[in-house]
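for reference, the sequence and a predicted model appear below.
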Amino acid sequence: MKKNIVLAAITAVCFLGSQGWSQEAGGFKLKHRSTFTVQDTERNPFWPVGWVKTAAPTAVSETVQVAEIRPEDFELTAILLGTPALAVINGREYSEGDFIVLKGAGPAAKVQIVQVMDGRITLRYMGKDYSILLHRKGEETGIKKPTPTPSPME
């Protein structure tokens with residue numbers, strides 16, 4: 001216990017003594033300040049070994065390539081209503097909220113599955129909704145075309 005008190009007293013005296021010395025003598029002033037500069041062509045020695053500086057990113061054009069999608073491009077072959085509702089589109093399973101990446105249309109070409117219902121699904125792309133009907137045997141596509149009304153015979 002006495003050792004702790006003595007040690008605290010010695011520390012306080014040393015601290016106060018250093019405070020008084022620095023104020024009287026004007027403190028420590030640095031005579032020469034060192035600097036370090038690296039040219040862009042040289043390797044910075046502070047980087048990890050083997051790390052190579054990448055080129056600055058180039059400006060990306062602000063025009064977004066919008067892919068043209070058609071409902072005929074999506075073949076809906078099966079629907080499973082449950083939790084979560086699933087749909088088989090172009091041979092792959094998707095649920096509500098999933099995205100279908102369009103191949104060959106750029107990185108931003110994603111179609112979202114908004115709703116899976118009995119017999120059809122709703123896709124959303126660039127703010128537009130597309131309705132795709134279930135592809136059944138005997139039908140050529142999953143898009144239902146309107147049937148013409150019969151004309152009255154004269």
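Great, that's in hand.

got the CA coordinates for the longest strand anywhere in the chain in CSV?
Ranked by residue count, the top strand of the chain under DSSP state E comes out as strand 110-117. Below are the C-alpha coordinates for strand 110-117, written out as CSV (Å, rounded to 0.1, in the frame of the first residue of the first chain):
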residue,chain,number,x,y,z
LYS,A,110,-32.1,-7.5,-65.1
VAL,A,111,-35.8,-8.4,-65.1
GLN,A,112,-37.5,-8.8,-61.7
ILE,A,113,-40.2,-11.3,-61.0
VAL,A,114,-42.9,-9.3,-59.3
GLN,A,115,-45.7,-11.8,-58.9
VAL,A,116,-46.3,-15.5,-59.3
MET,A,117,-49.9,-16.5,-59.7
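
each with direction, which strands does that strand pair with?
strand 99-101 (antiparallel), strand 120-125 (antiparallel) (DSSP bridges).

other residues contacting stretch 125-134?
66, 69, 71, 74, 76-79, 89, 110-112, 114, 119-124, 142-144 (CB atoms under 8 Å, 6 or more residues apart in numbering). In this view, the C-beta of every residue, glycine as well, is placed from N, C-alpha and C.

no wait, stretch 75-84
Under CB under 8 Å, 6+ apart, the answer for stretch 75-84 is 85-91, 95-96, 116-121, 132-135, 141-142.

where along this structure do the strands fall?
76-80, 86-89, 92-95, 99-101, 110-117, 120-125, 128-133.

dump those strands into a markdown table; add distance to residue 41 as well.
Listed next are the strands of the chain as a markdown table, based on distance: least, CB to CB, whole Å:
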| stretch | distance to residue 41 |
| --- | --- |
| strand 76-80 | 58 |
| strand 86-89 | 52 |
| strand 92-95 | 49 |
| strand 99-101 | 41 |
| strand 110-117 | 41 |
| strand 120-125 | 47 |
| strand 128-133 | 51 |
